[in-house]
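Chemist: have a look; sequence and predicted model below, questions after that.
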Amino acid sequence: MRWQQQLVAGLRTLREVGEPDYGCTPREAVHEDGKAVLYRFVGERAPSRRTPLLICYALVNRPYMVDLQEDRSIVRALLEAGHEVYLVDWGYPDGSDRFMSLDDYINGVLDGCVDALRRRHGVDAINLLGVCQGGAFSLCHAALHPTKIRNLVTMVTPVDFHTPDNMLSHWCQDLDVDRMVDTLGNIPGEWMNLCYLALKPYRLNAQKYLGLIDVLDKPKEVENFLRMEKWIFDSPDQAGEAFRQFVRDFYQGNRLVRGGLCIGDREVDLRRVTMPVLNIYAEQDHLVPPSASRALAGVVGSKDYTELSFRGGHIGIYVSARAQREVPPAIDRWLASRSD
């Protein structure tokens, strides 16, 4: 009877909730490069830190996960701590971006955003926070342009792509990525989503929707659920050439740790990442296992290397209540002792 009552309440709740919004913090565009936009977040008080912080997110999902809602926002917490926070939004690739390479993304767009902030703030180097695939991009950039990055923070970032517990990597080993890209051009975001959902088919395709019934009579929790669903399925297509290179060189070749990874005409050597590094990983991460992230300690050139483990999963590290209490304060404390 209780279950039936919740279903009836859900019909009423869904009519009342409407379309969930996202991105709780005001922002302004300060730099553009093609479809990519560099945003500055506007806090409620003036920043007290001189060195700006740039967030580099992954290509495979939209970056508003770091500013999802008022009580789930890493961005808002860092602003309140006094940081000047920026974010690179890669946009939605279309047919005109089919031949964008990793060189275009890392030495082009990302480096252009870094230079824009260096000019804007009159500093030689900035702080860089890379998330997931964006962390791998940030490592490559820091290795290629070490004088431009003062401090590097990586979150749930894959480094060793051949750890035994990396299911996604196992799937990629026999993938004919050349035929896929040559046939499809850009890789559809819907196809990427199907792959991620298949990693935990029961948990991600059935269990969470059964659990939704328990909160159907709570409009706020239903709104939060719908907001997460909107983010999960808001997946941009992947530029074909960049996708080819990332699968071939990172997942299949594991060249980030083995060597031989070339971005443009230069080889990425993680021993050139000599600035302070904070590496944050999630203990229950099914997309980037902890062992894949912790491998950074053995290959990075920095003598100031710190690891932080978070008790949660790949998504929880951004949006859970525990993450809001633990992750931004830890980043702030670490940066405070290494910045002016």
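Modeler: Perfect, I can see it now.

Chemist: correct me, but Glu326 touches Phe310?
Modeler: Yes - counting by CB atoms under 8 Å, Glu326 does reach Phe310; the two are 6.6 Å apart. C-beta here means a position set from N, CA and C on the backbone, and glycine is covered the same way.

Chemist: these two - which one has more neighbours?
Modeler: Phe310 (22 against 17; other CB atoms under 10 Å).

Chemist: give me the distance between the more buried one and Leu278.
Modeler: Relative to Leu278, Phe310 is positioned 12 Å away (CB to CB, to the nearest Å).

Chemist: going along the chain, name the strands of the protein.
Modeler: Along the chain, counting by DSSP state E, strands occupy 27-33, 36-41, 53-56, 67-69, 72-73, 85-89, 126-131, 149-155, 262-263, 266-267, 277-282, 305-310.

Chemist: who touches the third one?
Modeler: Residues lying outside strand 53-56 but in contact with it, judged by CB atoms under 8 Å, 6 or more residues apart in numbering, are 63, 66, 75, 78, 83-88, 110, 113-114, 117, 126-131, 134-135, 137-138, 141, 335.

Chemist: with the last one instead?
Modeler: Identification of contacts with strand 305-310 by CB under 8 Å, 6+ apart yields 276-283, 290, 294, 296-297, 316-317, 322-323, 326-327, 330, 334.

Chemist: can you give me the buried ones in that strand?
Modeler: For strand 305-310, burial by neighbour count (16 or more other CB atoms under 10 Å) applies to 305, 310.

Chemist: let's see that strand as CSV, backbone CA atoms only.
Modeler: Provided in CSV are the C-alpha atoms of strand 305-310 (Å, rounded to 0.1, in the frame of the first residue of the first chain):
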residue,chain,number,x,y,z
TYR,A,305,53.6,14.9,-4.6
THR,A,306,50.5,14.4,-2.4
GLU,A,307,47.7,11.8,-2.6
LEU,A,308,44.2,12.1,-1.2
SER,A,309,41.7,9.2,-1.2
PHE,A,310,38.0,9.8,-1.1
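
Chemist: got a pLDDT number for Arg72?
Modeler: Each residue has a pLDDT score; the one for Arg72 is 89.

Chemist: does it really touch Gln324, like I thought?
Modeler: Yes - counting by CB under 8 Å, Gln324 is a contact partner of Arg72 at 6.5 Å.

Chemist: and those two? which has more neighbours close in?
Modeler: Comparing Arg72 with Gln324 by other CB under 10 Å, the one with more neighbours is Arg72, at 22 against 17.

Chemist: so what sits opposite the more buried one in the bridge?
Modeler: Gln69 (DSSP bridges).

Chemist: quick one: it from Asp21, how far?
Modeler: For Arg72 relative to Asp21 (CB to CB), the value is 13 Å.

Chemist: pull the contacting residues for Ile74.
Modeler: Neighbour list for Ile74: 66-67, 318, 323-324, 327-328 [criterion: CB under 8 Å, 6+ apart].

Chemist: and Phe233, by the same measure?
Modeler: By CB under 8 Å, 6+ apart, the contact set of Phe233 is Asn193.

Chemist: begin at 621, not 1, for the rest of this chat.
Modeler: All right, first residue 621 from here; so that's Phe853.

Chemist: relative to Arg682, how far out is it?
Modeler: The value you get for Phe853 to Arg682, if CB to CB is used, is 10 Å.

Chemist: also Ser716?
Modeler: Applying CB to CB, the value for Ser716 to Arg682 is 20 Å.

Chemist: more crowded one of these two?
Modeler: Counted by other CB under 10 Å, Ser716 and Arg682 do not tie: Arg682 has more neighbours, with 20 against 11.

Chemist: so that one touches Arg847, yeah?
Modeler: No - between Arg682 and Arg847 there is no contact under CB under 8 Å: 11.9 Å.

Chemist: shaky segments in this structure?
Modeler: Counting by pLDDT under 70, the ranges of the chain that qualify are 960.

Chemist: need phi/psi at the residue nearest to Gln626 when sequence neighbours are not counted.
Modeler: Excluding the flanking residues, the one nearest Gln626 by CB to CB, 6 or more residues apart in numbering is Leu836, at 4.7 Å. Main-chain dihedrals, Leu836, degrees, to the nearest 10: phi -60, psi -20.

Chemist: can you count the residues close to the closest residue in space to Ser855 that isn't next to it in sequence?
Modeler: Nearest residue to Ser855, sequence neighbours excluded (CB to CB, 6+ apart): Gly809, at 3.3 Å. Neighbour count for Gly809, taken as other CB under 10 Å: 20.

Chemist: would you check how far apart Gly809 and Pro896 are?
Modeler: 35 Å.

Chemist: ok so, going back, out of the contacts of Ile694, which comes closest to Glu664?
Modeler: When the contacts of Ile694 are ranked by distance to Glu664 (CB to CB), Asp687 comes first, at 14.1 Å.

Chemist: still on that earlier bit, using a markdown table, lay out the strands of the chain together with distance to Asp857.
Modeler: Listed next are the strands of the chain as a markdown table, based on distance: least, CB to CB, whole Å:
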| stretch | distance to Asp857 |
| --- | --- |
| strand 647-653 | 18 |
| strand 656-661 | 15 |
| strand 673-676 | 19 |
| strand 687-689 | 22 |
| strand 692-693 | 27 |
| strand 705-709 | 15 |
| strand 746-751 | 20 |
| strand 769-775 | 24 |
| strand 882-883 | 22 |
| strand 886-887 | 28 |
| strand 897-902 | 27 |
| strand 925-930 | 30 |
